[in-house]
Each structure stands twice: as structure tokens, then as C-alpha cells.
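Enquirer: 3D, please:
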Amino acid sequence: MKQNDISDSLAAVEIVKNSLAALREQREAIIAEESALTQKKKELKAQPVPISDVKRALMDYVDARASLFLQDGQWVRNLRQFLYPNRDPYTIQKSPAALNYDEATDLSTGDTLRKVFPMSHPKLVIPDVGLFETTDVPLLFFFGDLIKAKIGAYFDAMQISHEDKDLNKIGTPIAERTLEIERIDTRLSDLVSQRSAIDSQISSLSV
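Expert: You can find the predicted model right below:
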């Protein structure tokens, strides 16, 4: 091999070494930023939320719990019994007859003689089986707005606040914090793509 060829080869090797070093440096910088952003995101999520957001979460909780009422299906089944009463509780009626004139008249007086529902009346507010035996879900479903208004008024009047040890830890409002976390996630996604591209370059140069 000629001296010039050797020199050219050595120069090429040096260029590759320098390129690899630069890429690895970029990769380390990206990893450091990823780590910092991940820690920042963790801190944002761990910070206590302001009292206004606590109150809002409480109201949302009432609505969410109320929405469970129809999911169980028991209340809908109980309502349907007024359309198709199960007149014989000892047998399973696949196709019971629809409520008729005399039965509707009996219902309008409370079915006191038990002609429509011989064993027990369907529960219209708190079903006696299933998910709602010992929960406040039915009350939240029927009276959610009243309950939220009452809770909200007491929440404000009682001036509920964080303990002293947490006062200086309270973070930004949830809406603001959510946007910041979304920005972090977007940046993290970009960094992952950059790191993947650099890894490909490093792999190709290391062959």
C-alpha cells in the first residue's frame, strides 16, 4: 500500500472516530435532557393541587360516581318490571305479558293488594341487589346537583385548606400543569426519535 493510501486511510479512520465521539456526546446530552424532563414531569405530578382543583375534582367525582348507576343494569331491569311485571316470582318468565289496564290501575294506588308484584316491589331509588347495596351511587344519580351544591357551599364555608407542611409545595393549577406535562411529553418523544437516529448512525459507523 502506498504512503498516500495509508495516510488517506488513517485520515478516514480519524474522521470516523471524531464523528463517533461527536455522536456519542450528542447522545449523552439527549439522555441527560430526557432524564431531567422525566424528573420534572414526576415532580409536577407529585405536587399537591390547589384547593380550587380539589373542589373541582370532588364535583367531578360525584358526577362520575353517579354515572355508575345505569352501568349495573339493575335499575333499568327494575323499571322494565313496570312494563312487563314478573307476576310469578317462583318461575322465570321468558316472555311475561305487558302491563294491562287493571294492573295499571292497581299500580296507581300503590299496588297495596300485591296484584302486580306479589312478592316485593321493584326498588326505584336504591336497588336491593348488585353494586348499590351499600353505596351512595343512587343518591348521587338522583340528587347529584343538589348534593354538589351543598358540598360546594360547605367546602367554601369551612375554608378547607392544606396543612402547613404542604402550603409551600402546592403546584400550579391542574389545567396549567396538564399543558406543561403535555409539552414535556412532546419534547420527550422528539428526544427519543433523535436518540434513535443517532444510535443508527453510531451503528453504521461502528461496522
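
Enquirer: where does the residue most central in space within the chain fall, phi/psi-wise?
Expert: Centroid-nearest residue in the chain: residue 64, 10.4 Å away (criterion: CA atoms, centre = their mean). Residue 64 adopts backbone torsions of phi -70, psi -40, taken as degrees, to the nearest 10.

Enquirer: could you measure it against residue 141, distance?
Expert: Per CB to CB, to the nearest Å, residue 64 is found 11 Å from residue 141. C-betas here are computed from N, CA, C, even on glycine.

Enquirer: likewise residue 183?
Expert: In this view, residue 183 and residue 141 are 38 Å apart by CB to CB.

Enquirer: Could you check which helix or strand contains residue 126?
Expert: Assigned by DSSP states H and E, residue 126 falls within no helix or strand.

Enquirer: my bad, should have said residue 161
Expert: When elements are assigned from DSSP H and E, residue 161 belongs to no helix and no strand.

Enquirer: Can you report how many residues lie near it?
Expert: Look at residue 161: counted by other CB atoms under 10 Å, it has 10 neighbours.

Enquirer: got a list of what it touches?
Expert: 51, 167 (CB atoms under 8 Å, 6 or more residues apart in numbering).

Enquirer: Now it, what are its backbone angles?
Expert: Torsion angles at residue 161 (phi, psi; degrees, to the nearest 10) stand at phi -150, psi 170.

Enquirer: so how far is residue 153 from it?
Expert: For residue 161, the distance to residue 153 - CB to CB - is 17 Å.

Enquirer: what does residue 118 give?
Expert: Counting by CB to CB, the gap from residue 118 to residue 153 is 45 Å.
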